[in-house]
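Engineer: Here's my sequence, what's the structure:
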Amino acid sequence: AIFTNPIYYGHFRHAGEIYEGKHETIISKELFDKANAVLRGKSQRLNIQTDPRPLCGLLKCGSCGMSITGEIKIKRQKNGNTHRYVYYHCSKKSKTQKCLEPCIQEKELDCQLSAMLVKHAMPKEWAIKLFTILDTEENKANQSAGEAVLELREKSCDFSRNLARLTDVYVAQDIERSDYLERRRSLMSDKKSVEEKIARLLRTPSAWIEPTREWIKDALILDEIAKTNDLPSKKISLQKIFGSNLTLKNREAVGNGLNPWAELRSARQNPAKKSFSLIAEYLLNEARTHFSKNLSSNLISRAERFVV
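Structural biologist: Predicted coordinates for the structure are as follows:
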C-alpha cells in the first residue's frame, strides 16, 4: 500500500479530498508517481495478455487495405485430444473489392514478425557508445544554453531598467503620453520575447536527447523480445518501428520502418562498410530530426487547443 497511499509522500486524504501534511515523508513524490505508472502498466499488460488474438490491429491487408483480424479454431480428435489454433486473415470489409487473401497461422506469423524485430535490434556495443556520445552532446547543449540564458537575462534586465527610466521621464512630464505609451508597449513586447526565449532554453536545451535514449533502450531489447512468446510485447515494439506501415499479403508480413528505425536496419545490413563514427552520425542525425519534429508537433498541437 506504500505506493498507493499519498500519506507516504506528504499528503493525506480526508473526506475524499487531498491535503498537505506536516509529517515526515517516507518516499518522494517522484518515486510514488513512477511506481504508480509501473503498477498501471502491469494492470494494462495483464488485460492485453488475456486477449486470445493479440496481433489484431497490427497489420493491414496488402491487397485491399482492410484490417487484419484473428480467428480461433478448435480441432477435436477422435481420441479426445483438443487442439487450439489462431489464424489471421483480412477482415474483408471492403465494399468495392472482393479480397481473396489467404489466412496465416499465428505461429508462422509470429516467426516472421520476430525476424523483423531482430533486423531492427541495436547491437550492445553500439548502444554503449551512443549513450556516451549523447551524454557529451547533452553537456555541450546545456553549457551553450546556460551561456545564452545569461546573455538573455542581462538583456531582460536592460529592458526593465529602460522601462523604469521611461516611467521617470513620463512622471517628470518630459514626454508626451502617446509617445510614452508607444515606447512602453515596444519595450514590454521585447522584454516578453526575451523571457520566452529564456524559458524555452531552460526547458528544452537538448529535448531530443532523452527520447533518443529511450529509443536506444527499446532497440537494445528487441533480440530478447523476439525470442519470447510474448506476443503483446512484440506488437508494441512493432508498432513503434513500423507505425501503421505493416501489411500482410500472400501470407507474408512486410513493412517499411519509420526513422530512426529504418536507418538502424540499414546500418546493420552493411556494418563493415562504414566506420562506427559514421554510423553514429547517421543514427543520431535521424534521431535528432525525428524526435525534434515530434516535439515541435506536440507543442503546436497543445497551442492549437487554446485557439478559439
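Engineer: Which helix runs longest in the chain?
Structural biologist: helix 124-171 (DSSP state H).
Engineer: Check which residues of stretch 152-167 are buried.
Structural biologist: For stretch 152-167, the neighbour count (16 or more other CB atoms under 10 Å) marks 152, 155-156, 159, 162, 166 as buried. Glycine gets a C-beta too; all of them are placed from N, C-alpha and C.
Engineer: As CSV, could you dump the C-alpha coordinates of it?
Structural biologist: This file holds the C-alpha atoms of stretch 152-167, laid out as CSV (Å, rounded to 0.1, in the frame of the first residue of the first chain):
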residue,chain,number,x,y,z
LEU,A,152,19.3,37.0,-22.4
ARG,A,153,18.8,37.7,-18.7
GLU,A,154,21.1,40.7,-19.0
LYS,A,155,19.0,41.9,-21.9
SER,A,156,15.9,41.4,-19.8
CYS,A,157,17.4,43.5,-17.0
ASP,A,158,18.3,46.2,-19.6
PHE,A,159,14.6,46.3,-20.7
SER,A,160,13.5,46.6,-17.1
ARG,A,161,15.9,49.4,-16.4
ASN,A,162,14.8,51.2,-19.6
LEU,A,163,11.1,50.8,-18.6
ALA,A,164,11.9,52.3,-15.2
ARG,A,165,13.7,55.3,-16.8
LEU,A,166,10.9,55.8,-19.2
THR,A,167,8.4,55.9,-16.4
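Engineer: pLDDT of that stretch, averaged?
Structural biologist: Averaged over stretch 152-167, pLDDT sits at 88.
Engineer: Stretch 270-281 now?
Structural biologist: The average pLDDT within stretch 270-281 is 78.
Engineer: Please compute how far it lies from its chain's middle.
Structural biologist: Its chain's average C-alpha position is 26 Å from that of stretch 270-281, according to CA atoms, centre = their mean, to the nearest Å.
Engineer: ok, now stretch 74-84?
Structural biologist: That offset, for stretch 74-84, works out to 45 Å (CA atoms, centre = their mean).
Engineer: From one end of it to the other, what's the distance?
Structural biologist: Stretch 74-84 has an end-to-end distance of 5 Å (CA to CA, to the nearest Å).
Engineer: And the strands in this protein?
Structural biologist: 11-14, 17-20, 60-61, 68-76, 82-90, 104-105, 247-249, 252-254 (DSSP state E).
Engineer: quick one: contacts for the residue nearest to Lys191 when sequence neighbours are not counted?
Structural biologist: Closest residue to Lys191 apart from its sequence neighbours, by CB to CB, 6 or more residues apart in numbering: Phe159 at 3.9 Å. Contact partners of Phe159, counting by CB atoms under 8 Å, 6 or more residues apart in numbering, are 187, 190-191, 194.
Engineer: Name the spans of the stretch 101-250 of the chain whose pLDDT lies under the cut-off.
Structural biologist: 144-147, 200-205 (pLDDT under 70).
Engineer: just the contacts of Phe159 now: which is nearest Glu224?
Structural biologist: Val194 (48.9 Å; CB to CB).
Engineer: any idea how far that closest one lies from Ala148?
Structural biologist: Separation of Val194 from Ala148 (CB to CB, to the nearest Å): 11 Å.
Engineer: who has more neighbours, these two?
Structural biologist: Higher neighbour count among Val194 and Ala148: Val194, with 19 against 14, using other CB atoms under 10 Å.
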